[in-house]
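Chemist: Quick one, what's the 3D model for this:
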Amino acid sequence: MNETTSNKILHNVRQAVAVTLILLLLCGFVFPVVLSGLSAVIFPHQAKGSMVTADGIAVGTANVGQDFTEPYFMKCRPSAYHYNTYYEDEEGNRFYNDGTEFAGLASGSNNYAASNPALVERVEADIEKFLAANSEISREELPADLMTASGSGLDPHVSPEGAQVQIPALAEASGLSEEELEQIMADNTRGKLLGIFGEETVNVLGVNLDIAKAMGLVGEVSK
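Modeler: Numbers count the residues shown, from 1 in each chain. The predicted model follows:
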């Protein structure tokens, strides 16, 4: 190997190392820092996770659903992971609200095919449970989204129809009037993006916090 070839190799190595270090600095540090800084300035609420607070305490986020069991709270869609909510027994063991063992934080769905008997069994059980708590409506009046899980299992929304059918039972359990509950639902309804994309949705956590506030269970709510 002559001196000219050696110099070319060293030059190429130095060039490759320099480019690698520069890209590492730009893409691994400068870009994330600038993007995070701009997000914190332009969208401070979203950059902090869209956290929702009640009486100054974080109780959730606007973009992740929760599993509500009290009869005066609006119910969300089914979730294969129960929205990652759980309780602990005296020994510190964790369980989902239905008593099954907590499997850890996750997202996703059961991914059942329409022909899977487990899907039919789960949907039928959810229908019977929902109708038992909402005796004013019939099976035919059930909106599909209340019986179907989202792909992530973390969807925080139901359809306006899915919220509306729950109002009579919520009024009876909470002591609030149906008119109050309809206004709460309207206050937590988001329209289509740019008036075109997607569908109208109702944020379940937002509704339930407003119900809790109207019932005197919490004071100040920030969404």
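
Chemist: now the strands for the chain?
Modeler: Using DSSP state E, the strands found in the chain span residues 51-54, 57-61, 87-88, 94-95, 157-158, 189-190, 201-203, 221-222.

Chemist: export these to CSV and tack on distance to Ala212, mean neighbour count and mean pLDDT?
Modeler: Placement of C-beta: from N, CA and C, glycine included. Output for these, formatted as CSV (distance: least, C-beta to C-beta, whole Å; neighbours: other C-beta atoms under 10 Å; pLDDT from 0 to 100):
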stretch, distance to Ala212, mean neighbour count, mean pLDDT
strand 51-54, 7, 18, 91
strand 57-61, 9, 15, 91
strand 87-88, 19, 11, 88
strand 94-95, 24, 13, 91
strand 157-158, 18, 25, 95
strand 189-190, 18, 16, 94
strand 201-203, 14, 23, 95
strand 221-222, 8, 14, 86
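
Chemist: So in terms of bridging, what pairs with the residue nearest to Val218 when sequence neighbours are not counted?
Modeler: Nearest residue to Val218, sequence neighbours excluded (C-beta to C-beta, 6 or more residues apart in numbering): Ala54, at 4.3 Å. Per DSSP bridges, residues listed as beta-bridge partners of Ala54: Ile57, Val221.

Chemist: Could you dump the strands of the chain into JSON lines and include distance to Glu140?
Modeler: Converted to JSON lines, these look like this (distance: least, C-beta to C-beta, whole Å):
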{"stretch": "strand 51-54", "distance to Glu140": "34"}
{"stretch": "strand 57-61", "distance to Glu140": "33"}
{"stretch": "strand 87-88", "distance to Glu140": "35"}
{"stretch": "strand 94-95", "distance to Glu140": "35"}
{"stretch": "strand 157-158", "distance to Glu140": "18"}
{"stretch": "strand 189-190", "distance to Glu140": "24"}
{"stretch": "strand 201-203", "distance to Glu140": "21"}
{"stretch": "strand 221-222", "distance to Glu140": "36"}
